[in-house]
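Engineer: sharing a model that was predicted from the sequence below.
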Amino acid sequence: MEIFTSDKPSRLASSDWFTGRVWQDPIIEAPAPARVRALRVTFEPGARTAWHTHPLGQTLHVLSGVGLVGLRGAAPRVIRAGDTVWIAPGEEHWHGATADRMMCHLAIQEALDGSVAEWLEHVSDADYGRTPD
(Lines give C-alpha, C1' and ligand atoms only; values in the text may rest on other atoms or scores of the structure.)
Protein backbone atom coordinates (compact mmCIF):
# COMPACT_ATOMS: atom_id res chain seq x y z
CA MET A 1 0.00 0.00 0.00
CA GLU A 2 1.09 3.54 -0.65
CA ILE A 3 -0.51 6.75 0.63
CA PHE A 4 -0.15 9.79 -1.60
CA THR A 5 -0.41 12.93 0.52
CA SER A 6 -2.42 15.93 -0.62
CA ASP A 7 0.36 18.47 -0.13
CA LYS A 8 1.08 18.98 -3.83
CA PRO A 9 0.32 22.52 -5.05
CA SER A 10 -2.31 23.19 -7.70
CA ARG A 11 -0.79 23.94 -11.07
CA LEU A 12 -2.02 26.14 -13.88
CA ALA A 13 -2.66 24.01 -16.98
CA SER A 14 -0.64 24.60 -20.14
CA SER A 15 -2.01 27.03 -22.71
CA ASP A 16 -0.84 24.49 -25.32
CA TRP A 17 -3.86 22.34 -24.43
CA PHE A 18 -6.28 24.72 -22.67
CA THR A 19 -8.01 28.02 -23.35
CA GLY A 20 -8.48 30.27 -20.30
CA ARG A 21 -7.41 29.57 -16.73
CA VAL A 22 -7.57 25.91 -15.75
CA TRP A 23 -6.17 24.50 -12.51
CA GLN A 24 -5.04 20.89 -12.11
CA ASP A 25 -4.59 18.90 -8.91
CA PRO A 26 -3.07 15.44 -9.40
CA ILE A 27 -4.83 12.59 -7.60
CA ILE A 28 -3.11 9.43 -8.80
CA GLU A 29 -0.67 8.20 -11.40
CA ALA A 30 -0.55 4.55 -10.40
CA PRO A 31 2.68 2.63 -10.89
CA ALA A 32 2.81 -0.17 -13.50
CA PRO A 33 1.25 -2.55 -14.14
CA ALA A 34 -1.71 -0.33 -13.17
CA ARG A 35 -2.60 2.31 -15.77
CA VAL A 36 -5.03 4.62 -13.99
CA ARG A 37 -4.44 8.38 -13.94
CA ALA A 38 -6.76 10.89 -12.27
CA LEU A 39 -6.79 14.66 -11.84
CA ARG A 40 -9.13 17.19 -10.27
CA VAL A 41 -9.52 19.91 -12.89
CA THR A 42 -11.07 23.32 -12.15
CA PHE A 43 -12.09 25.53 -15.07
CA GLU A 44 -12.69 29.24 -14.59
CA PRO A 45 -15.66 30.68 -16.57
CA GLY A 46 -15.04 30.37 -20.31
CA ALA A 47 -12.07 28.01 -19.89
CA ARG A 48 -11.91 24.73 -21.77
CA THR A 49 -9.66 21.98 -23.08
CA ALA A 50 -8.45 21.75 -26.65
CA TRP A 51 -9.89 18.98 -28.81
CA HIS A 52 -8.38 15.68 -27.75
CA THR A 53 -8.80 11.89 -27.61
CA HIS A 54 -7.91 9.16 -25.12
CA PRO A 55 -6.56 5.79 -26.24
CA LEU A 56 -8.57 3.89 -23.60
CA GLY A 57 -11.40 6.39 -23.03
CA GLN A 58 -12.05 8.83 -20.21
CA THR A 59 -14.50 9.25 -17.35
CA LEU A 60 -15.43 12.73 -16.12
CA HIS A 61 -17.28 13.17 -12.83
CA VAL A 62 -18.48 16.72 -12.18
CA LEU A 63 -17.80 17.80 -8.59
CA SER A 64 -19.15 21.36 -8.72
CA GLY A 65 -20.44 24.02 -11.06
CA VAL A 66 -21.81 23.84 -14.57
CA GLY A 67 -19.84 22.84 -17.64
CA LEU A 68 -19.96 21.76 -21.24
CA VAL A 69 -18.70 18.69 -23.06
CA GLY A 70 -18.56 18.59 -26.84
CA LEU A 71 -18.03 15.96 -29.51
CA ARG A 72 -16.67 16.73 -32.96
CA GLY A 73 -19.51 17.86 -35.25
CA ALA A 74 -22.13 18.12 -32.49
CA ALA A 75 -23.48 20.85 -30.24
CA PRO A 76 -22.03 20.73 -26.70
CA ARG A 77 -24.00 19.19 -23.85
CA VAL A 78 -24.44 20.76 -20.41
CA ILE A 79 -23.00 18.87 -17.43
CA ARG A 80 -23.66 19.63 -13.77
CA ALA A 81 -22.43 18.60 -10.33
CA GLY A 82 -23.11 14.89 -9.82
CA ASP A 83 -23.09 14.04 -13.55
CA THR A 84 -20.69 11.41 -14.89
CA VAL A 85 -19.61 11.31 -18.53
CA TRP A 86 -17.99 8.37 -20.35
CA ILE A 87 -16.01 9.27 -23.46
CA ALA A 88 -15.15 6.29 -25.66
CA PRO A 89 -11.59 5.54 -26.82
CA GLY A 90 -10.56 7.69 -29.78
CA GLU A 91 -13.61 9.99 -29.58
CA GLU A 92 -12.63 13.60 -30.39
CA HIS A 93 -14.03 15.82 -27.64
CA TRP A 94 -13.50 18.83 -25.38
CA HIS A 95 -14.82 19.90 -21.97
CA GLY A 96 -14.82 23.00 -19.82
CA ALA A 97 -16.82 25.59 -17.92
CA THR A 98 -19.74 27.57 -19.25
CA ALA A 99 -19.17 31.24 -20.09
CA ASP A 100 -20.46 32.43 -16.71
CA ARG A 101 -19.88 29.54 -14.27
CA MET A 102 -16.86 27.64 -12.98
CA MET A 103 -16.77 23.86 -13.23
CA CYS A 104 -14.67 21.29 -11.40
CA HIS A 105 -14.48 17.63 -12.40
CA LEU A 106 -12.47 14.51 -11.79
CA ALA A 107 -10.82 13.29 -14.99
CA ILE A 108 -10.03 9.58 -14.91
CA GLN A 109 -8.23 7.78 -17.73
CA GLU A 110 -5.80 4.95 -18.34
CA ALA A 111 -2.42 5.15 -20.01
CA LEU A 112 -1.60 3.07 -23.07
CA ASP A 113 2.13 2.84 -23.76
CA GLY A 114 2.60 5.76 -21.34
CA SER A 115 0.10 8.07 -23.08
CA VAL A 116 -3.29 9.15 -21.71
CA ALA A 117 -4.26 11.71 -24.38
CA GLU A 118 -3.60 12.91 -27.89
CA TRP A 119 -3.99 16.67 -28.04
CA LEU A 120 -5.40 18.32 -31.15
CA GLU A 121 -6.22 21.95 -32.07
CA HIS A 122 -7.85 24.46 -29.74
CA VAL A 123 -11.65 24.62 -29.67
CA SER A 124 -12.79 27.62 -31.71
CA ASP A 125 -14.99 30.30 -30.17
CA ALA A 126 -17.66 29.26 -32.70
CA ASP A 127 -17.62 25.62 -31.51
CA TYR A 128 -17.53 26.69 -27.85
CA GLY A 129 -20.37 29.17 -28.37
CA ARG A 130 -22.78 26.73 -30.09
CA THR A 131 -26.12 26.44 -28.34
CA PRO A 132 -25.99 23.32 -26.14
CA ASP A 133 -28.30 20.38 -26.80
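Structural biologist: Ah, there it is.

Engineer: give me the sheet partners of the top strand by length along the chain and which way each runs.
Structural biologist: What stands out as the longest strand in the chain, according to DSSP state E, is strand 58-71. Strand 58-71 has these partner strands in its sheet, going by DSSP bridges: strand 77-80 (antiparallel), strand 84-87 (antiparallel), strand 93-97 (antiparallel), strand 103-110 (antiparallel).

Engineer: in this structure, which spans are strands?
Structural biologist: According to DSSP E, the chain carries its strands in the segments 11-12, 18-19, 22-29, 36-43, 48-49, 52-53, 58-71, 77-80, 84-87, 93-97, 103-110, 118-119.

Engineer: low pLDDT regions in this protein?
Structural biologist: For the chain, not a single residue meets the criterion pLDDT under 70.

Engineer: how about residue 80, what does it touch?
Structural biologist: Residues in contact with residue 80 (C-beta atoms under 8 Å, 6 or more residues apart in numbering) are 62, 65, 66, 67. In short, each C-beta sits where N, CA and C put it, glycine included.

Engineer: possible to save those residues as CSV with neighbour count?
Structural biologist: As requested, the contacts of residue 80 are exported to CSV (neighbours: other C-beta atoms under 10 Å):
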residue, neighbour count
62, 20
65, 18
66, 17
67, 28
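
Engineer: closest one of those residues to residue 112?
Structural biologist: Using C-beta to C-beta, residue 62 comes nearest to residue 112 of these, at 25.0 Å.

Engineer: can you tell me how far residue 31 is from residue 114?
Structural biologist: To residue 114, residue 31 is 12 Å away according to C-beta to C-beta, to the nearest Å.

Engineer: just residue 51 next, same as before
Structural biologist: Distance from residue 51 to residue 114, by C-beta to C-beta: 21 Å.

Engineer: so which of the two has more stuff around it?
Structural biologist: Each of residue 51 and residue 114 has its neighbours counted (other C-beta atoms under 10 Å); residue 51 has more, 20 against 7.

Engineer: next, count neighbours for the closest residue to that one other than its chain neighbours.
Structural biologist: Using C-beta to C-beta, 6 or more residues apart in numbering and skipping residues adjacent in sequence, the residue nearest residue 51 is residue 120, 3.9 Å away. Using other C-beta under 10 Å, residue 120 has 16 neighbouring residues.
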